[in-house]
Structures are given as C-alpha cells and as structure tokens.
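Trainee: just the structure for this:
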Amino acid sequence: MVLSQSAGVQPGRFRVIKQGPENKEPGPVVYWMFRDQRVRDNWALIHAVDQANRKNVPVAVAFNLFDQFLGAKARQLGFMLRGLQQLQRNIEETLQIPFFLFQGEAEETIPKFIGECGASLLVTDFSPLRGIRKCKDEICQKVSDSVTVHEVDAHNVVPMWVASEKLEYGARTIRGKITKRLPEYLIDYPPLHPPANKWVDPKQQLIDWDSLIENVTSRKGAEVPEIKWCEPGEDAALDVLMGGKDGFLTKRLKNYHSDRNNPLKPKALSGLSPYLHFGQISAQRCALEAQKVRKLAPQMIVRRELADNFCFYQPHYDSLQGAWDWARKTLMDHASDKREHIYSMYWAKKILEWTRGPEEALATAIYLNDKMGGILVDMLVACGQYAEFMTRVGESDQFLGRYGT
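Mentor: Numbering: from 1, shown residues only. Below you'll find the model as predicted:
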C-alpha cells in the first residue's frame, strides 16, 4: 500500500504531486535530491526513509548533474561536487543508503532509474523555479502509472504552500502568516537511523569524483575559478555556524549589528550564504541554534521565504513583467538618478547605472550572478533570483522604489 502519511514529517510539509495505485505491491523508495544537498536536518530524506520503513522496502538517493547546471561555472560546480562527494561518504557510512549520480537531463535519467530499480515512490525536494518544476512535470508523465511522487519542502522553515496560497505583495503581507506558523514548524529534527531494509544492487556504480571535479574546474567554466577560503560540505557548514574556534553564533554574533555593513570586516557576517544556497546546511537548523543564544528575529526567516513565494507564484520572476506597476513606474522615474556608494547591493545598483535600462540591467545581473556566483558562491536559486529582481525594481519595498536608492 502506498502511504501518504509520514511519522517523521508534518503532513503540511509534503504534498502528493502524482498518485499511484494504493493496492500495488510496493517497490523501493528513491529520493531524487536536488536543492537540499545534505544528510543532516533534511526533511525530504527523513520522509523517504520513513516511507521506506513503513512499506518495508529499501531506499536510495539519486542526484542528477545537468549538462548545463543553471549557468554554473567552476566556482559553483566545484563547491557543489566536493560537497556531494562528502555527502556520499557520509550517507553510505552512517545510514547505509546508496548514493547514485547521473549526468544528463533528469527528465530522462530519473525515470529510467525508477524503472530499472522498480521503485514505487519517488520523493523529491521542493524548488520554486520554473525549469525544475517543468522537469518534475515531465518526470511524472514518464514514470509508470504505478509510481507515486511526493514533493517535500525541506528548504523553508514554513512550507511555501502552507505559508501562503498566493503571490505576496511584500514582507509585510507574509510576515504574520509565517510568524503564526513558526510554533508548528520551527521544531527540531527527529533522529535519523539506517533504514530497516538495505539496498541490494550488484551493479551499484562507482563515482569517479576526481574526474568529475577536474572536468568542471579545469575545462568547463574554468574562467571563474574555485575559491580556496570557503570549504564545502555540511561538516564545514556547521563549523561556520557554531564551531568553537570561529563559529558565527559562538564567536562572531556579538559584532554582527555594528559591523555587518562594513566591507573591511567580512567576519561580521555569518559566512553561511554558500552553504544555504547549496542546501549543505538547513535554514531551520540555523534558526534553531540562533534561538539558543538570542531571541529569534522572524525577519531572518521571512525575507528568505518571501523569495520562494515570489518565484513560485510569479511566472515572470526573472523579468520586469514580474514587477508591480508602481515599481516599474518609479524605476523609470529615477532611471537617471546617481547611485550612492552604499555597500548593500552596491554592484547591483552600479549595473543599473551603467546599463541602458532596467531590462538590460536585470538580464546582466542575472547572468553575472549565475556565472560568477554572486558575492560568494551564489547559484541561480530563488534567493539569488529574488535579490537581483528586488534590487532593480524595488519589489516588496515601496520606499526603495519611490526614492530610487
């Protein structure tokens, strides 16, 4: 029987996007990992293991490396692949769950794998971006009618579809909706143990990580090289958050408010951006640990989750068509204004100044964000997309829109 309940995940955190028959003999569970690239604190993995145990079947994790991974270059791909290499070792050693890596288009590789292993349930993590949503739609069409597909929001503290059912005007309209749900969803993660049934596959692949990493860092996109000062992986992410030597919460938080806008004091910032972007650390874990040392400010959750709301409900999230009318008007009214040297979103404002118009500025910023990795290692994720958009058109901030800053 295919179950639509979970002992480890609240019912609102996952949804059924394709329902298979409920009376079929169950096959294995496959978790197609994409956005949340971690073993710890991963609701999608927790759900996949729980469903496998309830159906008395094994579970595996699959990751697909797209040929063109959202415009990423060596900096992003190297960071991601090194993190995945650690993830494979961790998940196979601690949970005895196999990790499969595919290359190509997920619309082809994932259904093929589902068919070969006879899986009856595919679990996937949530992304609001149109390309990934389209990919999931095609996968649902290509897998057998006997396969059920669950989508788990392992990214947001309050699941996107629970927080709001519509495009929100801004932070002020979604803040109350998220805040009232925090007692229900801002909870600690249950312990995760090895699944009851082990995966048996004599043909399980050996992944040549060295060749993969060499391919992307030396040949594909090598014009944007890797950075050495930011160590990838979820172990490093937790150390940056709460390590005893230089953790943000343990050592550096006291200087955050006074120094966070000082470009000469980068240590005042958390340094968590690349880990959050690649899903190597959970935002929920960050919030839970922050609660232990200081009263949690819901704003740290609201702005980030507003980005997913925007990209999910606004089909034109990467063009000026997605801006409110007042934002487009005020942007044009202030198109010739000088831009102050305020460091917050500084380069975004300079691009707006240097280009021929808002449309060109937005396209240029998205291109550079994808290619260069933003200020740190920012992939084309919802927060990166939303930040670029908001900086150019004043979305969700009427004060910025009206005064052209």
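Trainee: now do the helices in the stretch 1-150 of the chain.
Mentor: For the stretch 1-150 of the chain, the helices defined by DSSP state H, counting those that start in this stretch cover 43-55, 74-94, 106-117, 130-142.
Trainee: I meant to write the stretch 251-400 of the chain there.
Mentor: Under DSSP H, counting those that start in this stretch, the stretch 251-400 of the chain gives helices at 256-259, 273-277, 283-293, 299-313, 325-333, 346-354, 358-372, 382-393, 398-403.
Trainee: for those, which one sits closest to K198?
Mentor: Closest to K198 of the helices of the stretch 251-400 of the chain is helix 283-293 (C-beta to C-beta; 27.9 Å). Where you see a C-beta, it was placed from the backbone N, CA and C, and this is true even at glycine.
Trainee: what mean pLDDT does that closest one get?
Mentor: Across helix 283-293, pLDDT averages out at 93.
Trainee: now do that helix against helix 299-313, angle only.
Mentor: Interaxial angle, helix 283-293 versus helix 299-313 (axes from the mean of the first three to the mean of the last three C-alpha atoms, to 10 degrees): 160 degrees.
Trainee: hang on, the earlier thing: can you put the helices of the stretch 251-400 of the chain in CSV and add distance to C135?
Mentor: Formatted as CSV, those follow (distance: least, C-beta to C-beta, whole Å):
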stretch, distance to C135
helix 256-259, 38
helix 273-277, 19
helix 283-293, 23
helix 299-313, 15
helix 325-333, 30
helix 346-354, 29
helix 358-372, 18
helix 382-393, 16
helix 398-403, 34
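Trainee: how about G83: what's its closest non-neighbour residue?
Mentor: With C-beta to C-beta, 6 or more residues apart in numbering as the criterion, G83 has its nearest non-adjacent residue at 4.1 Å, and that residue is P232.
Trainee: quick one: that neighbour and L77 touch, right?
Mentor: No: contact criterion C-beta atoms under 8 Å: P232 and L77 do not qualify, at 10.9 Å.
Trainee: which among the helices of the stretch 251-400 of the chain is found nearest to P194?
Mentor: Across these, the minimum distance to P194, taken as C-beta to C-beta, is reached by helix 283-293, at 21.2 Å.
Trainee: packing partners for that closest one?
Mentor: With contacts taken as 3 or more C-beta pairs under 8 Å, 6 or more residues apart in numbering; DSSP states H and E, helix 283-293 sits against helix 234-242, helix 299-313.
Trainee: so how far is it off the chain centroid?
Mentor: Relative to the centre of its chain, helix 283-293 is centred 18 Å away, using C-alpha atoms, centre = their mean, to the nearest Å.
Trainee: got the buried residues for that helix?
Mentor: A283, Q284, R285, C286, A287, L288, E289, A290 (16 or more other C-beta atoms under 10 Å).
Trainee: do stretch 224-237 as well
Mentor: Buried positions in stretch 224-237, judged by neighbour count with 16+ other C-beta under 10 Å: V224, E226, C230, E231, P232, G233, E234, A236, A237.
Trainee: which of these sit farthest apart?
Mentor: V224 and E234 (23.6 Å).
Trainee: how about TSV for the helices of the stretch 1-150 of the chain, with distance to F34 and mean neighbour count added?
Mentor: Below are the helices of the stretch 1-150 of the chain laid out as TSV (distance: least, C-beta to C-beta, whole Å; neighbours: other C-beta atoms under 10 Å):
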stretch	distance to F34	mean neighbour count
helix 43-55	9	24
helix 74-94	11	21
helix 106-117	8	18
helix 130-142	7	16
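Trainee: nearest to V9, out of those helices?
Mentor: helix 43-55 (4.5 Å).
Trainee: which residues sit against the closest one?
Mentor: 1-3, 6-9, 13-14, 26, 28-31, 33, 36, 39, 58-59, 61, 95, 97, 120-121, 123-125, 150, 152-154, 189-190, 192-193, 195-197 (C-beta atoms under 8 Å, 6 or more residues apart in numbering).
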